[in-house]
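S.K.: structure of the sequence below:
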Amino acid sequence: MNIEQLLQAMSNEFGGEPETMKILSQLNEQAVFEHAANKNFAMAGEQVPAKYKLLISLAVSAALGSERCTKTYTQVALNKGITREELMETLLVTRFVKATTVFSDATPALKIILEK
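M.R.: Reported below is the predicted structural model:
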């Protein structure tokens, strides 16, 4: 597979042009192939269904604040038949878990407040 074919395969999967990968291919084609290989490796396991892997990818992207990846994983999930309701529930759980980290990260501050 050459770089044009790889970018086309990404475009087909994402439902749009993989802009970042296209730019990266102009700077370092091998990095795009490495990215694709890493994705294939991460998604190849059989213990977690592909649907869950997409929902995990969406959750992590949203929690990390990556708008581009969140949009891409949402589009891929919809293309693969994941429902709006499943996507929304995933985002609600993600929001809860991320919000919970505020208290966890603030444990030292909570201790100081408690001691005063």
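
S.K.: contacts and neighbour counts: CA atoms only from here.
M.R.: Will do.

S.K.: quick check: next helix or strand after the lengthiest helix in the chain?
M.R.: Determined from DSSP state H, the single longest helix within the chain is helix 84-105. Of the helices and strands lying after helix 84-105 in sequence (DSSP states H and E), the nearest is helix 107-115.

S.K.: one step back: just the buried residues of the longest helix of the chain, please?
M.R.: L87, T90, L91, T94, K98 (16 or more other C-alpha atoms under 10 Å).

S.K.: for stretch 47-60, same thing?
M.R.: In stretch 47-60, the ones that count as buried by 16+ other C-alpha under 10 Å are L54, L55, S57, L58, A59, V60.

S.K.: between those residues, which sits nearest Y73?
M.R.: Of all those, L58 has the smallest distance to Y73: 5.4 Å, by C-alpha to C-alpha.

S.K.: quick check: that closest one touching Q75?
M.R.: No: the pair L58 / Q75 is not scored as a contact, 10.0 Å apart, by C-alpha atoms under 8 Å.

S.K.: pull the number of nearby residues for F33.
M.R.: Close neighbours of F33, defined as other C-alpha atoms under 10 Å, add up to 18.

S.K.: avg pLDDT for whichever strand or helix holds it?
M.R.: Element membership of F33 [criterion: DSSP H and E] is helix 29-43. Averaging pLDDT along helix 29-43 yields 96.

S.K.: next secondary structure after that helix?
M.R.: helix 50-64.

S.K.: contacts for that next one?
M.R.: Outside helix 50-64, the residues that touch it by C-alpha atoms under 8 Å, 6 or more residues apart in numbering are 43, 67, 69-70, 73-74, 76-77, 82, 87, 90-91, 94-95, 98.
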